[in-house]
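[1] here is my input; please provide its structure:
(chains A and B)
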Amino acid sequence: MTAIYLAAAFGISGLLFFNRNRLFNYLLVIAFLALQTGFTVYEYLHINTTESGYFTADALGVLMLATLSIISIPAMYHSYVFISKEKENPAHRAIYFAATVVLLTAVSAAYLANHIAVTWIFVELTTLSASALIYHRRNSRTLEGTWKYVFVCAISITLVFIGILFLSFSLKTAGADDLSFAVLLKKVPELNLFWLRLAFVFIFTGFTAKLGLVPMYTAGIDAKDKAPSPAGALLSSILMNMGFVGIFRFYTVIANSPLHIWANHVIMIAAILSIFVATVYMTKVKNIKRMFAYSSIEHAGIVMLGIIAGGVGYYAAILHIIFHAFVKSSLFFQMGQIYRIYKTKSIYYVGDYFKYNLTGSIVVLLGFFCATAMPPSGLFISEFLIFRSLFEANYLPVLIIVMLLLTIIIWAFGKNIFKLLFSPAIDFKEDDIERIKPAESISQFILLGLVVYLGLNPPQEFVTLIHEAIKNLPK
Amino acid sequence: MTNVLLIIFTISLLYLGIAHRLLTYIKILALQGVLLFGIAFIDLIQIDAINLAFVLLETIIFKTIAIPFFLNYIIKRNKINRDAEPFLSNFISLIIITLIILSTFILSNAINDSRISKIYFVVALSTLFTGLYIILTRHKIITHVMGYLVIENGVFILSLAVGNEMPMLVNLGILLDVFVSVFILGIFVNRIGDVLKDGDVDQLKNLKD
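    Numbering: from 1, shown residues only, chains lettered A, B, ... in the order given. Model prediction:
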């Protein structure tokens, strides 16, 4: 089924690329969404079966795939709104939708890949398709963002490849199939620790470009800022999840080796630095979209802290990354409406959003509560569990530092959001502002509602899947 | 014989540190392509013919001829100034690259694995870090691309160390090489040159907080 899915999805993106007809374009996008949903349901029903040799729909893959499918539908809808507001340009529209379809397909395949080299190939593919989305507006600013993103991602993808080479050194007897995660997990006691250590450093550093952690987070910020809002939503939700999946699967191998404690220290340093960097920039950032992007860096750091704390932290980390994807994508969708009203992303020139777009401002307010992990947000539950696990694992100094930094982040986030919602806008002409239809905010309400619902009352099936995903990690 | 080629390769890195003109960089990249061709030929002679032909074609056609030619074309077309414009003086560059080579040498002492020869590890890692050093200390965007190509050469050497057991990894490395190089240079030719005339990194400082 994976092979059929890949062939069909790439076929659809090829048709989208060459097609110039508007109606046919949207029919193809709907066909892709149907394919994506059908594929997700199929993989859920056939969990833990290996297809085409290199794809296994394990619990983590299915969870992430479901998250992707849920986000992809509003993403396509908001892309449609975004494109229809622009001047009609069939070629740009064709590239935009073809790149989105390739991005979604490559990310799905990377979730399911059971072989580290296959994951790597699809990660490379996401760089190419994402750069087409970032460059959509075709001016010097987006060119700069695209160039930085491509260059940093090219270096980090090379680092991952070097890590894979070191990983193959660490195997005593190497063969083509030996780099699948299952085989690695089985062979952990035999691996050469010197090479494994180097492999971890390189693979972790490489994947931080996608997950958004120190040291490679920079490119992601510019990319999320310069890409159109629906594409930015994809970059800061499902693409970050892909980086997480890459790190998580390899971490599962490391965690069963004697390097577990050492790897925890490496991740801890990266995570704390990420939260620190996010705090520093959140307090001075003047661009709303970049502020959302820095908030993603903060959440990625919290997720990795959950992973190193262990115990209930594993469960909470996976819960957190899924909820974060829902919250952050709905905030980015909302950003598109804010930009259409004020024609700016700068915090100086926006304000009184309640007056101009009531439903949209309620979404922003709810999204703010969710993103800063205030109850009843699901992120509150997961963050609370992560803090508890840090406490239980005797990481008290870390916990104190992180809580202090988070307090500053909530203050900075709140200051900007309340400026947007309640203070009057400076030099703003109210004459010809665009009326946003309330119906455009429905998808954001659904996503945020899902976060609250899954946090307060997670279905048994969902909990079982998460426990299944973390079963190979040591207690 | 491979050892000799690998040592010449390392010397070319030192030369890269003191090179002044962009044309010298291009020549060094071409030379590195020829050296890689030799190393790959001696090393991988046992693997099957198609794989071998693929590897050799990539080193000789792509790395030695196509990329230098392409870089030359970009420099001419965009009328890029021939100076490499390093931030640090040549003397300091030389010292730093020597230190990089020395430290990978010391790191290689920690290897207790008879299967992988240390010289591959030393040369590959020093090439990698030299490439990163060039990216960090040069002023032009085109030198960043060249630094990236140097990193790719390092990755290629590293993949040759397991080339006989896992030809798949060598092929994947080549895939990366061709794909990303063409993509990056393609953006350069089509876009950067038209929008930013000088190709100076200072023009890439608009996105910040």
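
[2] how about the residue nearest the centre of chain B, phi and psi?
    Chain B has B:Val150 as the residue nearest its centroid, 1.3 Å off, counting by CA atoms, centre = their mean. With angles defined as degrees, to the nearest 10, B:Val150 sits at phi -60, psi -40.

[3] report pLDDT for it.
    What the model reports as pLDDT for B:Val150 is 94.

[4] list the residues that contact it.
    Going by CB atoms under 8 Å, 6 or more residues apart in numbering or on different chains, B:Val150 touches B:Leu13, B:Leu16, B:Leu29, B:Gln32, B:Thr127, B:Thr130, B:Gly131, B:Ile134. Any C-beta I mention is one placed from the backbone N, CA and C, and that applies to glycine too.

[5] CA-only coordinates of the host helix or strand of the last one in PDB, if you can.
    Counting by DSSP states H and E, the secondary-structure element that holds B:Ile134 is helix B:118-137. Extracted as PDB, the C-alpha positions of helix B:118-137 are listed here (Å, rounded to 0.1, in the frame of the first residue of the first chain):
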ATOM      1  CA  LYS B 118      42.500   5.600  10.400                       C
ATOM      2  CA  ILE B 119      43.800   7.600   7.500                       C
ATOM      3  CA  TYR B 120      40.300   7.700   5.900                       C
ATOM      4  CA  PHE B 121      38.800   9.000   9.100                       C
ATOM      5  CA  VAL B 122      41.500  11.600   9.600                       C
ATOM      6  CA  VAL B 123      41.400  13.000   6.000                       C
ATOM      7  CA  ALA B 124      37.600  12.900   5.900                       C
ATOM      8  CA  LEU B 125      37.000  14.700   9.200                       C
ATOM      9  CA  SER B 126      39.700  17.300   8.500                       C
ATOM     10  CA  THR B 127      38.100  18.000   5.100                       C
ATOM     11  CA  LEU B 128      34.700  18.300   6.700                       C
ATOM     12  CA  PHE B 129      35.900  20.800   9.300                       C
ATOM     13  CA  THR B 130      38.000  22.700   6.800                       C
ATOM     14  CA  GLY B 131      34.900  23.100   4.600                       C
ATOM     15  CA  LEU B 132      33.000  24.400   7.600                       C
ATOM     16  CA  TYR B 133      35.900  26.800   8.400                       C
ATOM     17  CA  ILE B 134      35.800  28.200   4.900                       C
ATOM     18  CA  ILE B 135      32.100  28.700   5.000                       C
ATOM     19  CA  LEU B 136      32.500  30.600   8.300                       C
ATOM     20  CA  THR B 137      35.400  32.900   7.300                       C
END
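
[6] what's the mean pLDDT across it?
    On average, helix B:118-137 scores 92.

[7] likewise stretch A:361-374?
    Averaging pLDDT along stretch A:361-374 gives 94.

[8] how far does that stretch sit from its chain's centre?
    18 Å (CA atoms, centre = their mean, to the nearest Å).

[9] just the buried residues of that stretch, please?
    A:361-373 (16 or more other CB atoms under 10 Å in any protein chain shown).

[10] what of stretch A:24-36?
    So stretch A:24-36, judged by 16+ other CB under 10 Å, has buried residues A:Asn25, A:Leu28, A:Val29, A:Ala31, A:Phe32, A:Leu33, A:Leu35, A:Gln36.

[11] per-residue confidence for the last one?
    It stands for A:Gln36. So, for A:Gln36, pLDDT stands at 97.

[12] one more: the third one?
    At A:Val29 the predicted local distance difference test score is 96.

[13] in space, what's closest to it - neighbours in sequence excluded?
    Spatial nearest neighbour of A:Val29, excluding adjacent residues (CB to CB, 6 or more residues apart in numbering or on different chains): A:Met76 at 5.5 Å.

[14] can you confirm A:Arg435 is in a helix?
    No - per DSSP: H, G, I helix; E, B strand; the rest coil, A:Arg435 lies outside any helix segment and is coil.

[15] how close does it sit to A:Val363?
    Per CB to CB, to the nearest Å, A:Arg435 is found 16 Å from A:Val363.

[16] with B:Thr10 instead?
    58 Å.

[17] my read is that B:Ile151 contacts B:Leu125, right?
    No - using CB atoms under 8 Å, B:Ile151 is not in contact with B:Leu125, being 10.9 Å away.

[18] and the contacts of whichever strand or helix holds B:Asn51?
    Taking DSSP H and E as the definition, B:Asn51 sits inside helix B:49-57. Helix B:49-57 is contacted from outside by B:Phe37, B:Ala40, B:Phe41, B:Leu44, B:Ile45, B:Gly163, B:Pro167, B:Val170, B:Asn171, B:Ile174, using CB under 8 Å, 6+ apart.

[19] now do the contacts for A:Ser72.
    Listed by CB under 8 Å, 6+ apart, the contact set of A:Ser72 reads A:Leu33, A:Gln36, A:Leu104, A:Leu234, A:Ile238.
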